[in-house]
Every structure is written in structure tokens, then in C-alpha cells.
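Asker: Starting from these lines, generate the structure:
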Amino acid sequence: SKHNQELLATERRVPKLMAHRGSAHGPRLATRNAILSGMTLLFLVYFVVVNVFFNFSGSSHAAIRAVEEPDGLSGQHAYADKHLSKEQRQIETQDEYVEVEEGEEYADADAEQEQEQMEEEREDDTEMEQEQEQIEEQDEEATASTATSAPLRTWERKPERKYVWLDVAIDDVYVGRITAELYADLVPKTAENFRALTTGEKGPDYSFKNSVCHRILKDFIVQCGAFTTAGGRSIYGNRFDDEPNGLRLKHSKRYLLQMANLGPNTNGSQFCFMLKASPHLNGKHVVFGEVVEGFEVVDQMEAAGVEADGIPLVHKVTLMDGGEILF
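Answerer: Just a heads-up that it's a prediction; the model follows:
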């Protein structure tokens, strides 16, 4: 029928129309779909970013609130963790400080010990210098000492005899002290003459003080006592006689004392330190004493002498001073 033909024609046109529309609206649909997909993706990204941000911000605020108001269990844990971390850092810092401080203390202690040792060494050096100065002062005092002190004894005193000391200088330099024992029990007059001339108690005109030993022959005698231009004098006047006991005593050894003379009974003030046994002088010169201490001084006097008469002395040997030892 006509109606059926129209319906059939319509059905045939519809697919063509749909196909025409699909070709006409296809690109627009793809664009729209792409836009929607992009917006969806952008929304998702935005959502994720916002969610992360709020989560982080919320955690920070929660932690801050936990520190400020540690009421809840999570706040207590957060506070404890933060407090522990802070204490740990303080402990670590303190440990580092203590280590450095202890190291500095050790270094300071070592430096102090070294300083103390140096100071002790300086003190020891100072003490040694002071002791040396004291020793030198004592030596100078001993050198300058004249009539008041006697050296330590190495001899035994005999009550019947007299003892005197003589200080000796060579070339004006003090070399030591001689101690002599006088045979006052055997030759009292000769011993007393020598004692008084040694002390100078009779005055400067009767004294050995500062007199020069004018004749020194090595291995023989050291002759002294010529304190005047005339050759000296005794305390009894110009000369005095020999004492028989003195003539009987032998010139038997070194360090004896004997009177010099011009012959029999001509004793004055001159005397000799004997440097060896001289038996050829027995009976001609009075032996009146001997050295008991200061032998080395006599040796030095001999060393300053000459080999024989007629040779001038090079060194000056002086009896600086003398005195008596009373006890």
C-alpha cells in the first residue's frame, strides 16, 4: 500500500540521516570527551593535593596541640618523644662539651705540672745559687778573718804548751792558716818571745803582722820575722841568749820551728820553718816548736821560693796576722 511504501521509505532515510549526523557531530563529541577527561584528571589531582595538604597541616597542628596540651594518649607520646629527643640532644651536646672540657683540663693539668716542675727547678737553682753565695761569703769571711777565730782542730792540746796561729798570704792573696805548738815547757823564754810577737800585744814595733818572709830555699827553710830594717828584735830588747834545752832538741823532721841567729846567743825575732831534717844545725839553733796544722800552707810557701841563695824571690810571702789559741 501507499502507507507501507512511505513507511519503508522513511526507514530507509533514517539510517542515512543517522549516518550523516554521526559524521557531522563526531569530532565535537571527541573534543567534549577529552575536555571532560582533562577536567576529571585535574579534579583528581586537585583533590589529592588538597587532601595531602590538609593531612600534613592537620598532623602539624595535632603535634603542636599535643605539645601544648598533652591530654590525649597520642599527645603524651608526641610530647614524650619530642622531650626525649630534646634531652638526647642536650646529653649529646653535654657529652661533647665534657669531652672537650676534660681534654682541656688534662691539657691544663699537664701545663700546670710542667709549670710547677719548671718553678721547682728554678727554686732549686735559686737555692743552689744561694747556698753557693753563702759558701763564697763564708770563704771570704774566713779569708778576711784575722785574730778572732781559729780553724777546726786536728791536733791534741797539751796543757804545758802554748799554741798560736799565723795567717799567710802569697802575692797578697790569702792562702791559709798555720797552727804551731810552742815548747813552753822546754824553752819558755823562746816560746814566750814568739807568742808575744805573733799576737802583737807589745805594740806594732814588736809584731809579725804584715812582715815578709825574706828567705825561702826549697827543701831547706822558710825564714821569716824580719819586721824591721835592722832584721827585727825580740821582746826582751835587741837579742837574747840561747836556751840549752832548745839546743839539745834535734832538727829531725820537716815542719819544725827553730830560731835564726848570727851565732851563739844572738836570738831576736827571725825564725825558720824547717822543710827537711837538718842534723848539721843541731846544737847551733834553738828548736822551740812545730807546726800541728796547716802543713799545706807551709808547702805553698816553699813552692813560692827559690833553689838557692842569691836568686831573688819572685813571689811575696807575707805573715798577715796572728794570735794565740787559748783553749
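
Asker: Any buried residues in stretch 156-165, and which?
Answerer: 162, 163, 164, 165 (16 or more other Cβ atoms under 10 Å). In short, each C-beta sits where N, CA and C put it, glycine included.

Asker: same thing with stretch 234-244?
Answerer: Counting neighbours by 16+ other Cβ under 10 Å, stretch 234-244 gives 234, 235, 240, 242, 243 as buried.

Asker: So which of the buried residues of stretch 156-165 are in strands?
Answerer: 162, 163, 164, 165 (DSSP state E).

Asker: I'd like the residues you listed as a markdown table, with pLDDT and distance to residue 250 appended.
Answerer: Shown next, in a markdown table, are these (pLDDT from 0 to 100; distance: Cβ to Cβ, whole Å):
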| residue | pLDDT | distance to residue 250 |
| --- | --- | --- |
| 162 | 98 | 21 |
| 163 | 98 | 22 |
| 164 | 98 | 22 |
| 165 | 98 | 25 |
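
Asker: just curious, which of these is nearest to residue 183?
Answerer: residue 162 (8.6 Å; Cβ to Cβ).

Asker: May I have the residues that are in contact with the closest one?
Answerer: 181, 182, 184, 191, 192, 195, 324 (Cβ atoms under 8 Å, 6 or more residues apart in numbering).

Asker: Let me know the closest of the ones in strands among the buried residues of stretch 156-165 to residue 31.
Answerer: residue 165 (145.0 Å).

Asker: pretty sure that closest one is touching residue 320, no?
Answerer: No - taking contacts as Cβ atoms under 8 Å, residue 165 lies outside contact range of residue 320: 10.8 Å.

Asker: Do you have the helices of the stretch 201-327 of the chain handy? List them.
Answerer: Secondary structure of the stretch 201-327 of the chain (DSSP state H, counting those that start in this stretch): helices at 244-248, 295-303.

Asker: And for the stretch 51-200 of the chain?
Answerer: 73-144, 188-199.

Asker: worst average pLDDT in these?
Answerer: For the helices of the stretch 51-200 of the chain, mean pLDDT drops lowest on helix 73-144, to a mean of 60.

Asker: Show the low-confidence segments of this protein, by residue range.
Answerer: Along the chain, segments meeting pLDDT under 70 span 1-29, 52-111, 138-152.

Asker: Now with 90, please.
Answerer: Along the chain, segments meeting pLDDT under 90 span 1-154, 229-230, 237-238, 327.

Asker: Residue 253 versus residue 295, what's the distance?
Answerer: Residue 295 sits 12 Å away from residue 253, taking Cβ to Cβ, to the nearest Å as the criterion.

Asker: picking up where we left off before, for residue 30, which of the helices of the stretch 201-327 of the chain is the nearest?
Answerer: helix 295-303 (139.6 Å).

Asker: Go through the closest one and flag the buried ones.
Answerer: 297, 298, 301, 302.

Asker: same thing with stretch 170-189?
Answerer: Quick answer for stretch 170-189 (16+ other Cβ under 10 Å): 170, 174-184, 186-187, 189.

Asker: First-to-last residue distance for that stretch?
Answerer: Distance across stretch 170-189, first residue to last, is 30 Å (Cα to Cα, to the nearest Å).

Asker: on that earlier part again, nearest to residue 45 among the buried residues of stretch 156-165?
Answerer: Among the buried residues of stretch 156-165, and counting by Cβ to Cβ, the member closest to residue 45 is residue 165, at 126.2 Å.

Asker: dump the residue contacts of the closest one.
Answerer: Contacts for residue 165 (Cβ under 8 Å, 6+ apart) come out as 150, 151, 177, 178, 179, 180, 198, 322, 323, 324, 325.

Asker: Out of these, which two sit at the greatest distance?
Answerer: The widest separation within those (Cβ to Cβ) is 15.3 Å, between 151 and 198.

Asker: These two - which one has more neighbours?
Answerer: Comparing residue 151 with residue 198 by other Cβ atoms under 10 Å, the one with more neighbours is residue 198, at 23 against 15.

Asker: Against residue 165, how distant is the more buried one?
Answerer: Taking Cβ to Cβ, one finds residue 198 at 8 Å from residue 165.
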